[in-house]
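Undergrad: coords below, sequence missing:
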């Protein structure tokens, strides 16, 4: 039996359990399954997957979760301490008992995909799959074949959401490894504004597979700040395909923060389709042990006077492996655009590895573009200087590492998110130290 056939057999089992569903959903499942079978799992001879080996996913025998049981106490410990509207999923299954939507403001709709399909499947069917179709990748095709749960977020024009919307994905530790294929659809009406937090986390020992597809549509003047905090257990596998379509004067701000997962791949694509559209990518990936984190980004400047800024920081320890491939494409006649791209990496171990490839493709002549990549290690003189201030070596190295991440983290407005990142990167720092002052000192050494 081929690796692909094992997944298709799971799909056939699940399809046999389904009741009646709209014809268009069944047709899309079939198209996804057929495309997945034709493409097969990606291999390292494919340029886009040159540095990422997915055989561990392909050869695993994943089941599909049938319930959302999860310890409330464990869930509370994993949940970000935020006043927010929250949808929670356990191994891809909606968990109403762990969700809290409260009284949503007028003009805001947040609901699980399964319910959205039940209530008005035709309204969902149009945008769903329009940005990320079955041809995007074999994983996107696989997601489409299994598509049944996820989240739908809709903002009416001129709606400003008063607090963050959190989509929480919990991974359970169990005897059987499971897979989930969540689908997220965000539609932000003209001049609406919201903060969306996507949080992937789970129990120690979980070894599951999440295959996410997310489509975000920003209409004219819409503003979305999107936090993707990925701190899944270290045996989890996480594949994400995120596609954003931006109309005139819209603004998308991404914080792609990767701390967990054994095998991680993020594809982030923005289509800037209207004059004045802006995409800002802030990324931080931290790897330890044998973690593998692969970030592929693509910004398509499809209209004149569009803007993009990208800053990704990688921190790798032990035998961790990081990949960054960032591409900016300026289409013909897309004049007067500005695009900046930077990837800086810090290797904390001689055995850590990074493969980085920033790319620019420019087919217009009146543009302002820049890109670059750097890789280095901690400055031992800076470590020594901090130790002369009475700081032990471990704390000194943690501070310098945190200072390296500071350029991204200083833009994070949510303390609950910042604290998770700081704890992962620098460990628990003694309270007797003035963290802000020491990080400032460490930053000065790093810059020097």
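TA: Okay, I see it. Nothing here was measured: the structure is a model prediction, and the numbers come from that model. Numbers count the residues shown, from 1 in each chain.
Undergrad: pLDDT below threshold where in the protein?
TA: Confidence mapping of the chain against pLDDT under 70 gives the ranges 428-448.
Undergrad: Can you pull the domain assignment for it?
TA: 3-273, 379-448 (automatic domain parsing).
Undergrad: Pick the most deeply packed of these.
TA: domain 3-273 (a mean of 19; mean count of other Cβ atoms under 10 Å). In this view, the C-beta of every residue, glycine as well, is placed from N, C-alpha and C.
Undergrad: Select, out of the domains of the chain, the one closest to residue 353.
TA: With distances scored as Cβ to Cβ, the stretch of these nearest to residue 353 is domain 3-273 (9.1 Å).
Undergrad: Figure out the length between the terminal residues of that closest one.
TA: 39 Å (Cα to Cα, to the nearest Å).
Undergrad: swap in stretch 358-376?
TA: OK, stretch 358-376 end separation, Cα to Cα: 17 Å.
Undergrad: Please list the outside residues in contact with that stretch.
TA: Under the contact criterion Cβ atoms under 8 Å, 6 or more residues apart in numbering, stretch 358-376 has outside partners 324-347, 354, 356-357.
Undergrad: Of all the residues in it, which ones are buried?
TA: Within stretch 358-376, the residues that count as buried by 16 or more other Cβ atoms under 10 Å are 358, 362, 364, 367, 369, 371, 373, 375.
Undergrad: Would you point out the most distant pair within these?
TA: Longest span within these, Cβ to Cβ: 364 and 375, 30.8 Å.
Undergrad: what's the following helix or strand after the stretch of helix or strand residue 324 belongs to?
TA: Using DSSP states H and E, residue 324 sits within strand 321-330. Helices and strands here follow DSSP H and E; after strand 321-330, the next one along the chain is strand 337-347.
Undergrad: That next one: partners in the sheet, and parallel or antiparallel?
TA: Strands that pair with strand 337-347, judged by DSSP bridges, come out as strand 307-316 (parallel), strand 367-376 (parallel).
Undergrad: Residue 78: which of the ones you listed is closest?
TA: Between the strands paired with strand 337-347, strand 307-316 lies closest to residue 78; by Cβ to Cβ that is 22.6 Å.
Undergrad: re earlier: how about the strands paired with strand 337-347 in TSV, adding distance to residue 171?
TA: Formatted as TSV, the strands paired with strand 337-347 follow (distance: least, Cβ to Cβ, whole Å):
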stretch	distance to residue 171
strand 307-316	23
strand 367-376	31
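Undergrad: between those strands, which gets nearest to residue 253?
TA: Nearest of the strands paired with strand 337-347 (Cβ to Cβ): strand 307-316, 9.6 Å.
Undergrad: what angle separates that closest one from strand 321-330?
TA: Here strand 307-316 runs at an angle of 170 degrees relative to strand 321-330 (axes from the mean of the first three to the mean of the last three Cα atoms, to 10 degrees).
Undergrad: gap between strand 307-316 and the chain center?
TA: Strand 307-316 sits 13 Å away from the centroid of its parent chain (Cα atoms, centre = their mean, to the nearest Å).
Undergrad: all numbers from here: first residue = 19
TA: With the count now opening at 19, the last piece we talked about shows up as strand 325-334.
Undergrad: related to what we said a few turns ago, would you convert the domains of the chain into TSV that also reports distance to residue 311?
TA: Listed next are the domains of the chain as TSV, based on distance: least, Cβ to Cβ, whole Å:
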stretch	distance to residue 311
domain 21-291	5
domain 397-466	13
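Undergrad: Show me the one of those domains that comes nearest residue 335.
TA: It's domain 397-466; of the domains of the chain, that one is closest to residue 335 (Cβ to Cβ) at 8.8 Å.
Undergrad: How far does the closest one sit from its chain's centre?
TA: Distance of domain 397-466 from its chain centroid, counting by Cα atoms, centre = their mean, is 25 Å.
Undergrad: Report all helices and strands that the strand or helix carrying residue 51 contacts.
TA: Residue 51 belongs to helix 41-57 when elements are defined using DSSP H and E. With contacts defined as 3 or more Cβ pairs under 8 Å, 6 or more residues apart in numbering; DSSP states H and E, helix 41-57 has these neighbours: helix 21-35, helix 131-143, helix 156-164.
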